[in-house]
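Undergrad: Sequence unavailable; structure follows:
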């Protein structure tokens with residue numbers, strides 16, 4: 001499970017997150033999620049075209065082939 005800390009700095013939210021290798025999370029970009037910083041689907045009920053940001057921690061480094 002993602003470990004996260006969200007704080008406000010100069011009126012802006014800042015979230016730092018640690019993920020397990022292979023873990024995938026959907027992060028809220030509409031700022032309306034009741035489970036912020038995670039997406040709960042609220043963006044579907046508001047006007048606009050914002051969806052979640054999907055972040056995945058890789059199990060292995062990306063090769064430079």
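TA: Sure, I can see it. Remember, it's a predicted structure, so these values are computed and weren't measured experimentally. Numbering: from 1, shown residues only.

Undergrad: if I pick the residue sitting nearest the centre point of the chain, what's in contact with it?
TA: Centre of the chain computed as the mean C-alpha position; nearest residue by CA atoms, centre = their mean is residue 27, 2.3 Å away. Residue 27 makes contact with 15, 37-39, 52-55, according to CB atoms under 8 Å, 6 or more residues apart in numbering. Quick note: C-beta positions are derived from backbone N, CA and C, even for glycine.

Undergrad: give me that answer again for 7 Å
TA: Going by CB atoms under 7 Å, 6 or more residues apart in numbering, residue 27 touches 37-39, 52-53, 55.

Undergrad: neighbour-wise, which of the residues you listed leads?
TA: In terms of neighbour count, residue 39 stands highest of these at 22 neighbours, by other CB atoms under 10 Å.

Undergrad: separation between that residue and residue 57?
TA: The gap separating residue 39 from residue 57 is 17 Å, by CB to CB, to the nearest Å.

Undergrad: and if you look at residue 43?
TA: From residue 43 over to residue 57 (counting by CB to CB), the distance is 23 Å.

Undergrad: how long is stretch 41-49 from one end to the other?
TA: With CA to CA, to the nearest Å applied, stretch 41-49 spans 12 Å between its terminal residues.

Undergrad: And for that stretch, what's in contact with it?
TA: The set of residues external to stretch 41-49 that reach it, using CB under 7 Å, 6+ apart, is 30, 32-33, 50-51.

Undergrad: what comes up buried for stretch 15-24?
TA: Along stretch 15-24, the positions that meet the burial threshold by neighbour count (16 or more other CB atoms under 10 Å) are 17, 19.

Undergrad: Over to stretch 48-63?
TA: Across stretch 48-63, burial judged by 16+ other CB under 10 Å covers residue 52.

Undergrad: so how far is it off the chain centroid?
TA: When C-alpha coordinates are averaged (CA atoms, centre = their mean, to the nearest Å), stretch 48-63 and its chain have centres 9 Å apart.

Undergrad: circling back to that earlier point, tell me the spatial nearest neighbour of the residue nearest to the centre of the chain, not counting adjacent residues.
TA: Beyond its immediate neighbours in the sequence, the residue positioned closest to residue 27 (CB to CB, 6 or more residues apart in numbering) is residue 53, lying 4.5 Å away.

Undergrad: All set now, cheers.
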